[in-house]
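1. Here is my input; please provide its structure:
(one chain, ligands or ions: 1)
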Amino acid sequence: MQQTGNISVQTENIFPIIKKALYSDHEIFLRELVSNGVDACQKLKTLAGLGETTSEIDKLRVEVAVDKKKKTITISDNGIGMTAEEVDKYINQIAFSGAEEFVNKYKDKTEKTGIIGHFGLGFYSAFMVAEKVEIHTKSHTGADAVKWTCDGSTSYSIDKGDKKERGTEITLFVDKDSEEFLEDHRISGILEKYCKFLPVEIKFGTKEETKKEKDGDKEKETKVTVDNIINNPNPAWVKAPADLKEEDYKSFFRELYPFAEEPLFHIHLNVDYPFNLTGVLYFPKLKNSVEVQKNKIQLYCNQVFVTDSVEGVVPEFLTLLQGVLDSPDIPLNVSRSYLQSDSNVKKISNHITKKVADKLNEIYKNSKEDFESKWEDIKVFIEYGMLSEDKFYDRIKKIFLVKDTEGKHSPIQDFIEEIKATQTNKNKKTVVLYTHEPNEHHIQIEAAKNKGYKVVVMDSPLTSHVVSFMEQKLENVTFSRIDADSIDKLIEKDEEIPSKLSKEEEEKLKPIFEGVLSKDKFTVEIGSLEEQDQPVIISQPEFMRRMKEQQMMGGGAGFYGTLPEMYSVKVNGNHPIISSILAKEKEEEQKDLAKQVVDLALLSQNLLKGEDLSKFIKRSVELIKN
Ligand SMILES: Nc1ncnc2c1ncn2[C@@H]1O[C@H](COP(=O)(O)OP(=O)(O)OP(=O)(O)O)[C@@H](O)[C@H]1O
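-> Next comes the predicted model:
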């Protein structure tokens, strides 16, 4: 038997849920009620623009007042007001949004109305903090004033009211558990957080200001009491980019982050099709860090602050930026996991990524010098971006810079072209040599320079990921850190350097060196390098080091992280010292000399520490004495 029907919802059951669980944060009630007041003003403005009201719209404003004695919070506005029918329709029917109805009615007649309300639920958030709510309202139409009262049960009363002025006044009789909201600083804090950029003036009490006046030759300071307007109704992002100067963006930045260091540059977003998005994003000076900056972007919906955790709305790498995004098209009242699958959110996220890449390209095009001067501060961001979004990489690959040890910047693609002739190995791979710390690798860099090679400085925390990524993206290119092997092995050419040692001599030499090094950490190899190269070179293989670094960045140590540090020790059989070690008659003398050159190699790698270092110094002093 098939049966169909409607699931019935009893308002008695749903009301307590709305009251307690509609929003997890109780402080939201103020945002909702102030937004309703702002909407009421915006609606009146829209009607005035269409000639549908004769109301005065010069001084539209919302006011919040707290009466500690009466334990009330009042939110009043001089907006559109409501008639008795409207109160019945919009307030008595939960989830019937007058805001949405208004937007639909006027959507063809006017441009954006900037109306915030949408769901028809916000008003009821008042009951999260109030045991009783009263509405006094008078419509702009001149209809009789209305008084509505509800004590939090499902019954309400609606009467003729005595409000004389146009607008709506909502009074919350704050319940015992919510008395914290009767504190001025609490209300200020909430207004500051959510309402700082609402488009209509919001007044909360008064404040004292000092005015300077001319009194003859002198300046006189007088104190005056003025309305405390808590918001800036015209923040930079709602203005047209053409109307703003660099300084305006900077001062808006200071308004958002009074204590932050000045940003490098900004991007003004302004889209109205196929979705609505405005905002200003700032590039902070990141230096070499990826952690500190996150969660600095503030998300607004029609100028109401919604959240500063933007994950899910913008790609993760963009959370390194600062600034404001405003879009009525982001479904913010829903869960984060839903956000990621929302098509508008995806489009917005792609758009921002594109805009950011466009801006970077524009700066590069306008002035290479300017771009280069900013590079050290933005490279981590760019690296993070290209590692996480392939599309971003495609847009910035032509302007991804590398800096050589002489301080010269070049786009990586140009750099590879430049080194191709000299730094291509016998397997036809062009080898990019890099260092994370030129001072530490001075010896190796000098050896590379002697061969006519160039070394680039890659010192970001993401370097090991970046080089692996670039190896996948760039054809026939590999990266090697300059200390990963001897220079001849880093870029292996066809012609081998002949060895001065015979096979027997090499076999004699190996155990001497093995005897002065710990077997668990070092593997010894006798090789033939140039005579002028170092007698012993200690290196950590590129692959192993990279894996360890990547796993350290990713948190857990993983498989490679658990492996002990391993180094390879290459003894340069062509170096005169090595021949003289072999020539020594006594085993002790051979060992001492071998130990000395090994220690020198360790020292150059910053690997000689503690007792070993003390012993080395002592031994060196003895050697000099002799
Ligand atoms: N201060 C006010 N002045 C005039 N009308 C109001 C006022 N407050 C509420 N209303 C009317 O009551 C309706 C319901 O308000 P409510 O806050 O519950 O929902 P909303 O603002 O439409 O949507 P949301 O749930 O997204 O806030 C509003 O759409 C509006 O028509």
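2. Show me which residues of stretch 158-167 are buried.
-> 158, 161, 163, 166-167 (16 or more other Cβ atoms under 10 Å). For glycine as for every other residue, the C-beta is placed from the backbone atoms N, C-alpha and C.
3. now check that stretch, is it near the ligand?
-> No. Stretch 158-167 stays clear of the ligand (Cβ under 6 Å from any ligand atom), getting no nearer than 7.3 Å.
4. Check the offset of that stretch from the chain's centre.
-> On the basis of Cα atoms, centre = their mean, to the nearest Å, stretch 158-167 sits 49 Å off its chain's mean C-alpha point.
5. And stretch 164-173, by the same measure?
-> Counting by Cα atoms, centre = their mean, stretch 164-173 comes out at 42 Å from the chain centroid.
6. now stretch 390-405: mean pLDDT?
-> Stretch 390-405 shows a mean pLDDT of 95.
7. Straight-line length of it, end to end?
-> Length of stretch 390-405, first residue to last, Cα to Cα, to the nearest Å: 29 Å.
8. can you pull the buried residues of it?
-> Here stretch 390-405 shows 392-393, 395-397, 399-405 as buried, counting by 16+ other Cβ under 10 Å.
9. which outside residues touch it?
-> The contact list for stretch 390-405 (Cβ atoms under 8 Å, 6 or more residues apart in numbering) reads 315, 317, 350, 353-354, 356-358, 360-361, 364, 371-372, 375, 379, 382, 385-386, 409-413, 415, 432, 435, 438, 445, 454-458, 469, 473.
10. Show me where the stretch 501-626 of the chain dips below the pLDDT cut-off.
-> Across the stretch 501-626 of the chain, the ranges flagged by pLDDT under 70 are 553-563.
11. hey, where'd the strands end up in it?
-> 522-527, 536-539, 567-572 (DSSP state E, counting those that start in this stretch).
12. which one among the buried residues of stretch 158-167 gets closest to the ligand?
-> Nearest to the ligand among these is Gly167, at 7.3 Å by Cβ to the nearest ligand atom.
13. Tabulate the buried residues of stretch 390-405 (TSV), appending secondary structure and distance to Ala421.
-> Output for these, formatted as TSV (DSSP: H, G, I helix; E, B strand; the rest coil; distance: Cβ to Cβ, whole Å):
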residue	secondary structure	distance to Ala421
Phe392	helix	31
Tyr393	helix	27
Arg395	helix	29
Ile396	helix	27
Lys397	helix	22
Ile399	helix	24
Phe400	coil	22
Leu401	strand	21
Val402	strand	17
Lys403	strand	21
Asp404	strand	16
Thr405	coil	19
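14. Quick one: the residues you listed as CSV, columns for distance to Thr141 too.
-> Conversion of the buried residues of stretch 390-405 to CSV gives the following (distance: Cβ to Cβ, whole Å):
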residue, distance to Thr141
Phe392, 53
Tyr393, 58
Arg395, 54
Ile396, 57
Lys397, 61
Ile399, 59
Phe400, 62
Leu401, 64
Val402, 69
Lys403, 69
Asp404, 74
Thr405, 77
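15. rewinding a little: which of the contacts of stretch 390-405 are close to the ligand?
-> Of these, not one also sits near the ligand (Cβ under 6 Å from any ligand atom).
16. ok, the closest residue to Glu514 other than its chain neighbours - contacts?
-> Closest residue to Glu514 apart from its sequence neighbours, by Cβ to Cβ, 6 or more residues apart in numbering: Val524 at 5.1 Å. Contacts for Val524 (Cβ under 8 Å, 6+ apart) come out as 510, 513-514, 517, 569, 571.
17. Filter those down to just the buried residues.
-> Judged by 16+ other Cβ under 10 Å, buried ones among those: 513, 517, 569, 571.
18. how does the chain divide up, domain by domain?
-> 3-205, 236-365, 400-495, 498-626 (automatic domain parsing).
19. Relative to Ile229, which of those is closest?
-> domain 3-205 (5.3 Å; Cβ to Cβ).
20. about what we covered before: quick one: which of the buried residues of stretch 390-405 is nearest the ligand?
-> Phe392 (34.0 Å).
21. quick one on the thing from earlier: just the buried ones among the contacts of Val524 now: which is nearest the ligand?
-> Closest to the ligand, out of all of these and judged by Cβ to the nearest ligand atom, is Val569, at 69.8 Å.
22. could you measure the closest one against Ser518, distance?
-> According to Cβ to Cβ, to the nearest Å, Val569 and Ser518 sit 11 Å apart.
23. now do Leu509
-> Taking Cβ to Cβ, one finds Leu509 at 18 Å from Ser518.
24. So which of these two has more stuff around it?
-> The neighbour count for Leu509 versus Ser518, taken as other Cβ atoms under 10 Å, is higher for Leu509 (21 against 7).
25. Grab the nearest non-local neighbour of that one.
-> Closest to Leu509 by Cβ to Cβ, 6+ apart is Ile526, at 5.6 Å.
26. show me the biggest helix of the chain in terms of residues.
-> For the chain, the helix that runs over the most residues, judged by DSSP state H, is helix 343-366.
27. and the closest residue to the ligand within the stretch 151-300 of the chain, what are its bridge partners?
-> Using Cβ to the nearest ligand atom, the single residue of the stretch 151-300 of the chain nearest to the ligand is Thr168, 3.6 Å away. The partner list for Thr168 in beta bridges (DSSP bridges) reads Asp77, Thr137.
28. and it, how many neighbours?
-> Neighbour tally, Thr168, other Cβ under 10 Å: 25.
29. leaving aside the residues next to it on the chain, what's closest to the closest residue to the ligand within the stretch 401-550 of the chain?
-> Closest to the ligand within the stretch 401-550 of the chain is Leu462: 41.2 Å, counting by Cβ to the nearest ligand atom. Once flanking residues are discounted, Leu462 sits nearest to Glu383: 4.6 Å by Cβ to Cβ, 6+ apart.
30. And for Ile578?
-> Closest to Ile578 by Cβ to Cβ, 6+ apart is Pro535, at 5.7 Å.
31. number of nearby residues for the one you found?
-> If we define neighbours as other Cβ under 10 Å, then Pro535 has 24 of them.
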